[in-house]
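Participant: below are the sequence and a predicted model; questions follow.
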Amino acid sequence: MLPCLVLSSLFALSPAWAAPAGQPAGQGAPTPGSVAASIRADGAGPALGALADNDMFDTVTDGIAAADPAWLALVPAMAPGLDADSGPAVSAALALALPLNPRLVLPLLDPGTPALDPARVCARPFMHDEVPDMKGYVRRTRAALRQVREGGLRAVRDRCLAVMGRAKSVS
């Protein structure tokens, strides 16, 4: 019995059994708090890379796509680490969040960051199966955007509406 206890103790201390970056020890999926802590500790690129390496980046994009305020709040901190893989996923997630809560999404859009550029996010950056009813998505998104009347958001709202009007659907 003693060897089993020693062996299990060694596994518990082994780095191979530690929680991946962006994920607290002893928990399954990453949380906004654990991802924020990982970004602060390691930087955006390594933190997002660790999530992707551990097949956990979908948790982040799912939270963004659901317009969860805690996940959306992480987007500016994630921006410097978005790459050719994670950037398009975040663009699509923000586009999915846009009709749900444009007042939270619009301030995140930044033409200086390719993945956050309104020209990309508002252009329906979806894969073929992400939005089965593209006409319904466009209708809902335009209606939600038209409800945004805050002065500080009007310019990005208008740019987003203009991009949506020019965008061709990929599905």
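Facilitator: On my side now, so go ahead. Residues are numbered from 1 along each chain as shown.
Participant: so what does the closest residue to Phe126 other than its chain neighbours look like in phi/psi?
Facilitator: Using Cβ to Cβ, 6 or more residues apart in numbering and skipping the chain neighbours, the partner closest in space to Phe126 is Ala92 (5.6 Å). Every residue, glycine included, has its C-beta placed from N, CA and C. For Ala92, the backbone dihedrals (degrees, to the nearest 10) come out as phi -70, psi -40.
Participant: give me the pLDDT for Ala92.
Facilitator: In this model, Ala92 is scored at 94, pLDDT.
Participant: can you report how many residues lie near it?
Facilitator: 22 (other Cβ atoms under 10 Å).
Participant: do the same with the one 10 residues further on
Facilitator: Here the number of neighbours of Pro102 (other Cβ under 10 Å) works out to 22.
Participant: surely Val156 is in contact with Ala119?
Facilitator: No. Assessed by Cβ atoms under 8 Å, Val156 is found out of contact with Ala119, at 11.1 Å.
Participant: tell me the contacts of the residue nearest to Phe126?
Facilitator: Applying Cβ atoms under 8 Å, 6 or more residues apart in numbering to Ala92 gives the contacts Thr61, Ala65, Pro125, Phe126, Met127, Glu130.
Participant: Val148: which of those residues is nearest?
Facilitator: Nearest to Val148 among the contacts of Ala92 is Ala65, at 19.0 Å by Cβ to Cβ.
Participant: that closest one and Leu48: what is the separation?
Facilitator: Distance, Ala65 to Leu48, using Cβ to Cβ, to the nearest Å: 16 Å.
Participant: so which elements touch the top helix by length along the chain?
Facilitator: In the chain, with assignment by DSSP state H, the single longest helix is helix 151-166. For helix 151-166, the packing partners by 3 or more Cβ pairs under 8 Å, 6 or more residues apart in numbering; DSSP states H and E come out as helix 102-105, helix 118-121, helix 134-146.
Participant: in terms of pLDDT, where does the residue nearest the centre of the chain sit?
Facilitator: Geometric centre of the chain, nearest residue: Thr61, 3.7 Å, by Cα atoms, centre = their mean. Looking at Thr61, its pLDDT reads 96.
Participant: and it, helix, strand or coil?
Facilitator: With DSSP: H, G, I helix; E, B strand; the rest coil as the basis, Thr61 sits in helix.
Participant: surely it meets Ser91?
Facilitator: No. The criterion here is Cβ under 8 Å, and Thr61 misses it with Ser91 at 9.8 Å.
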